[in-house]
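[1] Provided below for reference: sequence and predicted model.
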Amino acid sequence: MNAKNQALELLWADGRRPARGPQRGLTMDRIVAAAIEVVEAEGLSALSMRRVATRLGVGTASLYTYLPGKTELEALMLDAVGADEPLPHQRSGDWRAKLEAWARADWVGFRRHPWVLQLMATTTAPGPNTLRWLDSALTVLADTGLSEPEKMAVIEAVDAYVRGLARLQIDTDANAEDPTATRERDRTLGRLVDFTRYPALLKALRAGVSPWSGDQFEFGLQRLLDGVEALITARASG
């Protein structure tokens, strides 16, 4: 059985205690919680079965009686993230307010816990919490008149927007230069580059706008949802 299928077996198992091996008071939930504590404190690169076992005060071999390895552990961690947060349909307001609240919560969460985005990029085994969330998000659009493919496309578009911009912002923050270095870079560019060759960019720069700077999240979210609202209105009038 490959790692993806093993992860699915663990995610959807009714009971998460092994039939063999030393228990030491462990549960799968405790193991997952300890793994999340490791990556919160030290980053995803620090995650290993040995590191989690050390945090739990057990031998590494003990963990292997609960799950096959780190790949499966990562799938369990990703499914556990946000399990206690309100679901999209539980938020207040109409469909647009609910999607806005979900998007803003994810925007804050991804930037606060960037390892979640890293796992989303590599983990493809959906668990109960993941499907519960998706079902809830689709429920938000239940009375909008959109077709089932359109509902799914809306959810995927908003999710992709939030993830993509969060990833860009995280990378920008990680590579941010100190103000002195930024001023020096700008002076060098001003000396080397003839910005009159790029008139639209020059106009933006003169207006005080720099590429990939500032928080454009809310502007983009509203324009995206404006388009969805226009489609819903067209469905209602058609």
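    Arrived safely.
[2] By mean pLDDT, flag the weakest helix or strand of this structure.
    The least trusted helix or strand in the chain, going by mean pLDDT, DSSP states H and E, turns out to be helix 3-12, with a mean of 78.
[3] So which elements touch the following helix or strand past it?
    Once the chain leaves helix 3-12, the next helix or strand it forms, by DSSP states H and E, is helix 28-42. For helix 28-42, the packing partners by 3 or more Cβ pairs under 8 Å, 6 or more residues apart in numbering; DSSP states H and E come out as helix 49-56, helix 70-80. Every C-beta, even on glycine, is put in place using the N, C-alpha and C of the backbone.
[4] And the least confident helix or strand of the chain, what's buried?
    6, 7, 8, 10, 11 (16 or more other Cβ atoms under 10 Å).
[5] the inter-axis angle of it versus helix 28-42?
    Angle, helix 3-12 to helix 28-42, by axes from the mean of the first three to the mean of the last three Cα atoms, to 10 degrees: 120 degrees.
[6] Run through the neighbouring helices and strands of helix 3-12.
    Under the contact definition 3+ Cβ pairs under 8 Å, 6+ apart, helix 3-12 sits against helix 70-80.
[7] Can you tell me what sits against the helix it packs on?
    Helix 70-80 has contacts (Cβ atoms under 8 Å, 6 or more residues apart in numbering) with 3, 6-8, 10-11, 28-29, 31-33, 35-36, 39, 47-49, 52, 67, 116, 119-120, 122-123, 125-130.
[8] and residue 47, what does it touch?
    Contacts of residue 47 (Cβ under 8 Å, 6+ apart): 35, 38, 39, 70, 73, 74.
[9] Assign a three-state SS to residue 211, would you?
    Three-state assignment for residue 211 (DSSP: H, G, I helix; E, B strand; the rest coil): coil.
[10] And the pLDDT at it?
    Here, the pLDDT recorded for residue 211 equals 71.
[11] begin at 68 from here
    Happy to do that; since the first residue is 68 now, the last one works out to residue 278.
[12] How many residues are close by it?
    Residue 278 has 8 neighbouring residues, counting by other Cβ atoms under 10 Å.
[13] ditto for residue 299
    Neighbourhood size, residue 299 [other Cβ under 10 Å]: 19.
[14] about what we covered before: hmm, which two among the buried residues of helix 70-79 are most spread apart?
    Spanning the widest gap among these are 73 and 78, at 9.7 Å by Cβ to Cβ.
[15] And the spatially most central residue of the chain, how close does it get to residue 111?
    Among the residues of the chain, the one closest to the centroid is residue 184, at 4.3 Å (Cα atoms, centre = their mean). From residue 184 over to residue 111 the distance is 10 Å, taken as Cβ to Cβ, to the nearest Å.
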